[in-house]
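1. sequence? don't have it. structure:
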Ligand SMILES: Nc1ncnc2c1ncn2[C@@H]1O[C@H](COP(=O)(O)OP(=O)(O)OP(=O)(O)O)[C@@H](O)[C@H]1O
Ligand SMILES: [Mg+2]
């Protein structure tokens, strides 16, 4: 399980004066679900394109399955699959016709294709949908077909660029249970996402922001790595006044909204809940509650991004 199948070292890409990916280094091991997380424009797709040999790095290097991602693309391609961010399938082909079409395009021998198609339909939960036209499928199902296409040639790694963008939670969960199934079969999954709940499900993940990799590790390791102290969940009404008040207080390193509550990250390990409650009361706020909570991945990411913003040199 410890074999490194993707390695990036100082991977950098500039477009003119703009640096889209800035000295990014990471390793992905065989059989992992590696999550690549970041807001819009963070550099996720640009990184994938360099790993796939579609875009030359300005500096740094990457290796995929032991081969140089830029110079040895021909050795890598047959062993990897890719579903791009805005892929499109032919709307007028049925599910099965789509697989036959791409199988032929990839040059798969017919007997192998005849074995492969039912196996993939089964693996992706598409059995029974063979004759449906792609244009009649909902987004989640269309994504399964795209995944089936990417898996036709039995790749060792699949790169999925935001495979669940715009899907409802149920469809997203369906795709994620498929990713687990792939990982169980030893297929390495490199997946980009914006969604925090998906990040929690990765074996390891990396957070990219403004082209820089600012945090990486297993979800459970990240709290220690991030240097985030205790977090308080605070309720008070009106919320905006409470937020303003807490933000002026130097015992907190960061105060942010978390759904209908406030999350306030303390600088010191002590938790002065009573003092905070009193101060909010004295300011005339009502419905006050102050509870220490375990930081979520979202807390960790917001905090790390905030720290990066206020001190970009670190
Ligand atoms: N060919 C290009 N020429 C100029 N700028 C580019 C090019 N490709 C990407 N960029 C810029 O590089 C930055 C990173 O883009 P990228 O597509 O990698 O982000 P992303 O993390 O995939 O974002 P999203 O979540 O929106 O897909 C963006 O600011 C984008 O505008
Ligand atoms: Mg992208």
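-> Arrived safely, thanks for sending. Bear in mind the structure is a predicted one, so any value in this text is a computation, not a measurement. Ligands and ions are numbered 1, 2, ... in the order given.

2. Any idea how many residues pack against whatever residue of the stretch 201-314 of the chain ends up closest to ligand 2?
-> Among all residues of the stretch 201-314 of the chain, residue 208 sits closest to ligand 2, at 10.5 Å; criterion: CB to the ion. Where C-beta positions appear, they are placed from N, C-alpha and C, glycine not excepted. A total of 24 residues lie near residue 208 under the criterion other CB atoms under 10 Å.

3. before we move on, what about residue 175?
-> That count, for residue 175 with other CB under 10 Å as the rule, works out to 20.

4. The one 5 residues further on too?
-> As a burial measure, the neighbour count of residue 180 was computed by other CB under 10 Å and equals 12.

5. Next, the contact list for it, please.
-> Residues near residue 180 by CB atoms under 8 Å, 6 or more residues apart in numbering: residue 33.

6. Just to be sure, it is in a strand?
-> No - going by DSSP: H, G, I helix; E, B strand; the rest coil, the assignment for residue 180 is helix, not a strand.

7. Going forward, the N-terminal residue is numbered 251.
-> Yep, numbering from 251; the last one is residue 430 now.

8. ok so, going back, partner strands of the helix or strand containing the residue of the stretch 451-564 of the chain closest to ligand 2, parallel or antiparallel?
-> Using DSSP states H and E, residue 458 sits within strand 454-459. Strand 454-459 sits in its sheet next to strand 283-287 (parallel), strand 462-467 (antiparallel), going by DSSP bridges.

9. near ligand 1, which residues of the stretch 251-400 of the chain show up?
-> With CB under 6 Å from any ligand atom as the criterion, the stretch 251-400 of the chain comes near ligand 1 at residues 265, 270, 288, 290-296, 335.

10. Please render these as CSV that adds neighbour count to the earlier fields.
-> Below are those laid out as CSV (neighbours: other CB atoms under 10 Å):
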residue, neighbour count
265, 11
270, 21
288, 24
290, 6
291, 12
292, 24
293, 24
294, 25
295, 21
296, 21
335, 13
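
11. is the strand holding residue 458 anywhere near ligand 1?
-> No - figure legend: strand 454-459 not in contact with ligand 1 (CB under 6 Å from any ligand atom); closest approach 6.9 Å.

12. who are the neighbours in contact with residue 366?
-> Per CB under 8 Å, 6+ apart, neighbours of residue 366: 349, 353, 358, 402, 404.

13. The stretch 301-450 of the chain: helices as residue ranges?
-> In the stretch 301-450 of the chain, the helices defined using DSSP state H, counting those that start in this stretch lie at 323-326, 345-355, 360-373, 389-401, 419-434, 446-449.

14. looking at this, residue 506 is in a strand?
-> Yes - under three-state DSSP, residue 506 falls within a strand.

15. doesn't residue 513 make contact with it?
-> Yes - when contacts are counted by CB atoms under 8 Å, residue 506 is listed as touching residue 513 (5.6 Å).

16. Compare the two (neighbour count), which wins?
-> residue 513 (22 against 17).

17. so who does the more buried one touch?
-> 481-484, 505-507, 543, 549.

18. between the residues you listed, which is closest to residue 426?
-> Taking CB to CB as the measure, residue 426 sits nearest to residue 549 out of these, at 21.7 Å.

19. what comes up buried for the host helix or strand of that closest one?
-> In this assignment (DSSP H and E), residue 549 forms part of helix 547-560. Neighbour counts over helix 547-560 (16 or more other CB atoms under 10 Å) mark 547-555, 557-558 as buried.
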